[in-house]
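*Asks:* 3D model of this:
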Amino acid sequence: MAYHPNGQGAPIGRLNSIHRPAPMAHEQIVSNRLGLHDQTQARAVTAQRSQKTIGLTLAIFGALLLTPDTLFMRLSQLDGFNMLLWRGGLSGLAYFMIWLWMRGPRDLSNIWTRNFAIIVACQTGNAALFSLAIAVAPVTVVLIGVATVPIFAAIMSRVILGEALSMRTLITATMVFLGLFVSVMGSDDGQIKLDLITLIGAGLGLGVAFSLAMNFTIIRKDPEVPFVLAIAIGAITAAGLAALFATTLAWPPLPQMAAIALTGIFILPLSFVTLSYAARFVPSSTVSLIMLLETILGPLWVWWGIDEAPSAAMLIGGGIVLTCLAVFLIFEDHHAA
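*Replies:* As a prediction, the model looks like this:
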């Protein structure tokens with residue numbers, strides 16, 4: 001029997017039998033690897049579910065917070081330009097403070113870009129068109145127009161991002177505009193008539209939807225752009241334009257000032273920032289679907305608060321629009337998954 005070269009200790013064969021680990025069976029190695037893989041996959045699924053829960057919670061909170069916005073705009077009793085001046089100016093300052101708190105001057109590297117300028121222009125148009133629409137037209141038909149954001153977003157994604165435009169999108173767009181036609185042209189007595197104010201409200205609502213869709217598409221294209229700062233500048237720019245074009249500028253009485261301050265400082269900025277963060281955790285189509293709560297609950301708030309009841313035609317047309325958009329977004333979310 002061979003011994004260790006230094007002449008001490010146990011025989012070499014015995015050393016090998018003592019110190020060499022027993023070979024692991026192939027099945028056990030595979031089992032261990034599979035177990036580790038299953039644990040990693042389980043942790044990934046848990047994290048994904050947690051992110052989805054956070055996103056849905058933020059989206060529902062933001063959408064519900066936004067629903068009484070139009071009621072407080074109406075309670076302010078301001079004309080279009082004065083409403084735009086106060087709402088745009090106050091919300092712009094609130095957005096600016098949020099930007100300072102979140103990012104601040106270290107977020108200035110991408111402001112001298114075309115995408116930043118586009119977002120500023122979109123927010124200027126969004127703030128101006130929505131304030132003027134709510135001041136002159138029925139809330140229901142304005143919000144029905146705004147609810148078409150997903151359709152415009154799909155078109156913008158095709159034009160700007162090169163994404164495919166499905167036949168489902170085209171069919172939904174056709175049905176949505178049919179619903180808008182019913183809302184604008186119909187009357188309670190069943191006759192077809194053109195109401196100019198209602199038509200203007202629907203047109204301004206569509207303009208808001210186009211601005212929002214362009215805004216979301218550019219943010220998706222360029223996630224590095226400081227969009228909160230761009231929105232702040234856009235809102236303040238809209239307020240400045242209102243000051244230039246308004247025939248009279250007035251300091252509202254305290255109750256009216258409180259109403260416009262509540263929506264400008266609190267409701268609008270907090271809801272938008274919350275919805276924007278929700279889009280980081282769940283698909284944008286899911287956020288858009290949840291945002292339809294404003295189209296449903298917004299007119300109900302106004303109906304309850306100032307007794308502005310929507311017409312039967314608006315309810316029918318709104319039902320067509322919401323049903324088509326809900327089906328469209330559900331299928332889009334399922335297709336993306």
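*Asks:* Torsion angles phi and psi at L132?
*Replies:* phi -70, psi -40 (degrees, to the nearest 10).
*Asks:* What distance do you get for the residue nearest to it when sequence neighbours are not counted to M314?
*Replies:* Nearest residue to L132, sequence neighbours excluded (C-beta to C-beta, 6 or more residues apart in numbering): G80, at 4.2 Å. Just so you know, the C-beta spots here come from the backbone N, C-alpha and C atoms, and that holds for glycine as well. Distance from G80 to M314, counting by C-beta to C-beta, to the nearest Å: 21 Å.
*Asks:* how deep is A213 tucked in, by neighbour count?
*Replies:* 22 (other C-beta atoms under 10 Å).
*Asks:* do the same with the one 3 residues further on
*Replies:* Applying the criterion other C-beta under 10 Å, we find 24 residues in the vicinity of F216.
*Asks:* My read is that it contacts A154, right?
*Replies:* No. Applying C-beta atoms under 8 Å as the test, F216 and A154 come out as separate, 11.0 Å apart.
*Asks:* higher neighbour count, G80 and M314?
*Replies:* Set G80 next to M314 and count neighbours by other C-beta under 10 Å: M314 wins out with 24 against 18.
*Asks:* Doesn't the more buried one belong to a helix?
*Replies:* Yes. Assessed by DSSP: H, G, I helix; E, B strand; the rest coil, M314 belongs to a helix.
*Asks:* what sits against it?
*Replies:* Contacts were defined as C-beta atoms under 8 Å, 6 or more residues apart in numbering; by that measure M314 touches 138, 140-141, 144, 183, 186, 299.
*Asks:* Let's see that with 7 Å instead.
*Replies:* Neighbour list for M314: 138, 140-141, 183 [criterion: C-beta atoms under 7 Å, 6 or more residues apart in numbering].
*Asks:* could you measure it against T148, distance?
*Replies:* Distance from M314 to T148, by C-beta to C-beta: 15 Å.
*Asks:* same deal with L65?
*Replies:* Following C-beta to C-beta, the distance that separates L65 from T148 is 22 Å.
*Asks:* who has more neighbours, these two?
*Replies:* For the pair L65 and T148, the greater number of neighbours falls to T148 (27 against 18), based on other C-beta under 10 Å.
*Asks:* pretty sure the residue nearest to L132 is touching A133, no?
*Replies:* No. If you go by C-beta atoms under 7 Å, G80 and A133 don't touch, sitting 8.4 Å apart.
*Asks:* Can you classify W251 by secondary structure?
*Replies:* With three-state DSSP as the criterion, W251 reads coil.
*Asks:* now the closest residue to it other than its chain neighbours: how far from G264?
*Replies:* Leaving aside its sequence neighbours, W251 sits nearest to M257 (C-beta to C-beta, 6+ apart; 7.4 Å). According to C-beta to C-beta, M257 and G264 sit 10 Å apart.
*Asks:* ok, these two, which is more surrounded?
*Replies:* Taking neighbours as other C-beta under 10 Å, M257 and G264 compare with G264 leading, 26 against 15.
*Asks:* Pull up the gap between that one and S276, please.
*Replies:* 18 Å.
*Asks:* cool, and L241?
*Replies:* L241 is 24 Å from S276, by C-beta to C-beta.
*Asks:* what's the answer for V149, then?
*Replies:* 14 Å.
*Asks:* if you count what's nearby, which of the two comes out ahead?
*Replies:* Shown here are V149 and S276; by other C-beta under 10 Å, V149 has more neighbours (22 against 17).
*Asks:* My understanding was that that one contacts V287; is that so?
*Replies:* No. The criterion here is C-beta under 7 Å, and V149 misses it with V287 at 10.3 Å.
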